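J.: Show me the folded form of this:
(chains A and B)
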2 protein chains.
Amino acid sequence: MIRYNNDLLKLISELAKTEKGIIEKNYAPDENIILQNEKLFYVYILKSGVVKCYITENNGKDFILEFLGEGEIIGELEILNKTTSLSNVVSITDLKVYKIPSSYFMEMLQKNWNFNELVLKVLATRLVQTASRASYQQNYPLEYSILKLVYLFSNQPLKLRKIDLAGYLGISTRSLNRTLLSLYNKNIIHPETMDLLVTPQAILQLLQSFDRG
Amino acid sequence: MIRYNNDLLKLISELAKTEKGIIEKNYAPDENIILQNEKLFYVYILKSGVVKCYITENNGKDFILEFLGEGEIIGELEILNKTTSLSNVVSITDLKVYKIPSSYFMEMLQKNWNFNELVLKVLATRLVQTASRASYQQNYPLEYSILKLVYLFSNQPLKLRKIDLAGYLGISTRSLNRTLLSLYNKNIIHPETMDLLVTPQAILQLLQSFDRG
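T.: A predicted model of the protein is given here:
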């Protein structure tokens, strides 16, 4: 599921008109915007396009945190906490960003309540979603998580790739393929295109059936 | 691992001296402070004691989000997002809290930059820790997560109970016991008391050994 933040996009577009410190920058697909563990000097707000945020563990495995689209902010955690970057951030489409110096970001938080409230709400929303997801990924079988994600992505403009779905679930593509095949045998999901073979309504009912054991 | 926030405790203790709206309240162990999915009208900051925050899934399984101690805040996500409660919050020791009306909480965020910055930092810290934990719990074997948690808890005043460790990992106590027994056979952890049978230094080396495959 890709997140968007129209209110933040609107506000930063306005600020960028008069604030010389805010620079617009473009990226091609597959470019690194932020590298894990690096020191950050800027916060970025996406003007258009989509990025993928992922943690690479010391054992080489990736865990996708989220896909972010228009109006979403990156780098704010690190500037607030004065830490190095939690994750890698890479463009997965053509990308336009507002690049905001950390000092201006902190100044805006202090002076502009609208901006501050939007940042508080972004953090609160992401925390709820990250916690909820950790909970259901731990407490439900893999089939449930796959169905849920494919369902959530079914009305998104961006096609979900297998490698990203595996990274989002923290499993190997081999485990993913095994479960996709089992879902295909039940006529639910195409194992290659990951298109739904049933209605979204039917998927919702299937998801609920997991609670009845 | 229990989190604490001395800066926030200091600040709220000061504010409570003059602000009549802030009420002090006491709880015995095992009392509910917040129920999942309920509407909240207050934010709470812990004056002393420890609470457990956990999500109960529709299938009846629990997932422990965190243990919070002195100075930590609860209810802020829900007031910021105008949503019902993400999780249950229950006291696991005697507890004293500052109970803060939501309107005063929002007013303080807007008027008091020190308070606001502390709340921003709490949210950023929790987001980093929730995301990091989701990543390593997905990408490392159960033994790694158990060793890491027992290690983190080894210098805490509160004894970690098996049922809480299982809830934190999102696994059954049966799976936990199986892995604890395997760790006992390697002379690392006592399977009942969960005391370390080796030095914390040795645990750190063991954790690193998981990265060499």
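J.: which intervals of chain A have sub-threshold pLDDT?
T.: Counting by pLDDT under 70, chain A contains low-confidence ranges at A:213.
J.: how's it carved up into domains?
T.: With domains defined by automatic domain parsing, chain A comprises A:2-135, A:140-211.
J.: Would you mind putting the ones you listed into CSV with distance to residue B:30 alongside?
T.: Yep, even glycine has a C-beta here, placed from its N, CA and C like the rest. Shown next, in CSV, are the domains of chain A (distance: least, Cβ to Cβ, whole Å):
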stretch, distance to residue B:30
domain A:2-135, 22
domain A:140-211, 26
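J.: I'd like to know which of these is closest to chain B.
T.: domain A:140-211 (2.7 Å; Cβ to the nearest Cβ).
J.: Go ahead and name everything in contact with stretch A:139-151.
T.: Stretch A:139-151 is contacted by residues A:1, A:136-137, A:160, A:165, A:168-169, A:171, A:175-176, A:179-180, A:182-183, A:188-189, A:194, A:196, A:200, A:203-204, A:206-207, A:210, B:57, B:59, B:61-63, B:170 when judged by Cβ atoms under 8 Å, 6 or more residues apart in numbering or on different chains.
J.: Which PyMOL command selects the buried ones in the residues you listed?
T.: To isolate the buried members of the contacts of stretch A:139-151 in PyMOL, using 16 or more other Cβ atoms under 10 Å in any protein chain shown:
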select buried, (chain A and resi 1+136+137+160+165+168+169+171+176+179+180+183+188+189+194+196+203+206+207+210) or (chain B and resi 57+61+62+63+170)
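J.: can you map out the helices along chain A?
T.: Assigned by DSSP state H, the helices in chain A fall at A:6-18, A:76-81, A:102-111, A:113-139, A:142-153, A:162-169, A:173-185, A:200-209.
J.: which of the ones you listed sits most buried?
T.: helix A:76-81 (a mean of 22; mean count of other Cβ atoms under 10 Å in any protein chain shown).
J.: Just give me how far that helix sits from the chain centre.
T.: Its chain's C-alpha centre and that of helix A:76-81 lie 17 Å apart, by Cα atoms, centre = their mean, to the nearest Å.
J.: That one - contacts with which helices or strands?
T.: helix A:102-111, helix A:113-139, helix B:113-139 (3 or more Cβ pairs under 8 Å, 6 or more residues apart in numbering or on different chains; DSSP states H and E).
J.: repeat that with 10 Å
T.: strand A:42-48, strand A:95-101, helix A:102-111, helix A:113-139, helix B:113-139 (3 or more Cβ pairs under 10 Å, 6 or more residues apart in numbering or on different chains; DSSP states H and E).
J.: and the angle for the fourth one with helix B:102-111?
T.: In other words, helix A:113-139. Helix A:113-139 runs at 120 degrees relative to helix B:102-111, counting by axes from the mean of the first three to the mean of the last three Cα atoms, to 10 degrees.
J.: still on that earlier bit, to residue B:7, which of the helices of chain A lies closest?
T.: Closest approach to residue B:7 among the helices of chain A (Cβ to Cβ): helix A:76-81, 13.3 Å.
J.: Name the residues that touch the closest one?
T.: By Cβ atoms under 10 Å, 6 or more residues apart in numbering or on different chains, the list of residues contacting helix A:76-81 from outside reads A:34, A:38-45, A:83-87, A:100-103, A:105-106, A:109, A:119, A:122-123, A:126, B:117, B:120-125, B:127-128, B:131.
J.: Now residue A:23: closest residue in space that isn't a chain neighbour?
T.: Nearest non-adjacent residue to residue A:23, counting by Cβ to Cβ, 6 or more residues apart in numbering or on different chains: residue A:99, 4.6 Å away.
J.: Same check on residue A:195?
T.: residue A:189 (7.2 Å).
J.: right, and the one you found touches residue A:197 too?
T.: Yes - taking contacts as Cβ atoms under 10 Å, residue A:189 lies within contact range of residue A:197: 6.3 Å.
J.: any common contacting residues for the two?
T.: residue A:183.
J.: Residue B:18: which of the domains of chain A is closest?
T.: For residue B:18, the closest of the domains of chain A is domain A:2-135, at 22.7 Å, according to Cβ to Cβ.
J.: end to end, how far does the closest one reach?
T.: 19 Å (Cα to Cα, to the nearest Å).
J.: Is stretch A:48-64 in proximity to chain B?
T.: Yes - using Cβ under 10 Å from any Cβ of the partner chain, stretch A:48-64 reaches chain B at A:53-64.
J.: which of those sit farthest apart?
T.: Greatest spacing in the residues of stretch A:48-64 next to chain B, by Cβ to Cβ: A:53 and A:59 (19.1 Å).
J.: hang on, the earlier thing: save the residues of stretch A:48-64 next to chain B as JSON lines, and put in distance to residue B:25 too.
T.: Output for the residues of stretch A:48-64 next to chain B, formatted as JSON lines (distance: Cβ to Cβ, whole Å):
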{"residue": "A:53", "distance to residue B:25": "39"}
{"residue": "A:54", "distance to residue B:25": "42"}
{"residue": "A:55", "distance to residue B:25": "39"}
{"residue": "A:56", "distance to residue B:25": "44"}
{"residue": "A:57", "distance to residue B:25": "42"}
{"residue": "A:58", "distance to residue B:25": "44"}
{"residue": "A:59", "distance to residue B:25": "45"}
{"residue": "A:60", "distance to residue B:25": "49"}
{"residue": "A:61", "distance to residue B:25": "45"}
{"residue": "A:62", "distance to residue B:25": "45"}
{"residue": "A:63", "distance to residue B:25": "39"}
{"residue": "A:64", "distance to residue B:25": "41"}
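J.: circling back: what's near enough to touch the residue nearest to residue A:195?
T.: Contacts for residue A:189 (Cβ under 10 Å, 6+ apart) come out as A:143, A:146-147, A:150-151, A:179-183, A:195-198, A:203.
J.: Report the two of those residues separated the most.
T.: For those, the farthest-apart pair by Cβ to Cβ is A:151 and A:181; their separation is 18.5 Å.
J.: need the contact list for residue A:39.
T.: Taking Cβ under 10 Å, 6+ apart as the criterion, residue A:39 is in contact with A:78, A:82-85.
J.: Apply the buried test to those and list what passes.
T.: A:78, A:85.
J.: which among the contacts of residue A:39 gets closest to residue B:14?
T.: The shortest approach to residue B:14 among the contacts of residue A:39 belongs to residue A:82, at 24.3 Å (Cβ to Cβ).
J.: how close does residue A:25 get to residue B:47?
T.: Note on residue A:25: its distance to residue B:47, by Cβ to Cβ, to the nearest Å, is 47 Å.
J.: ok, these two, which is more surrounded?
T.: Neighbours were counted for residue A:25 and for residue B:47 using other Cβ atoms under 10 Å in any protein chain shown; residue B:47 has more, 18 against 13.
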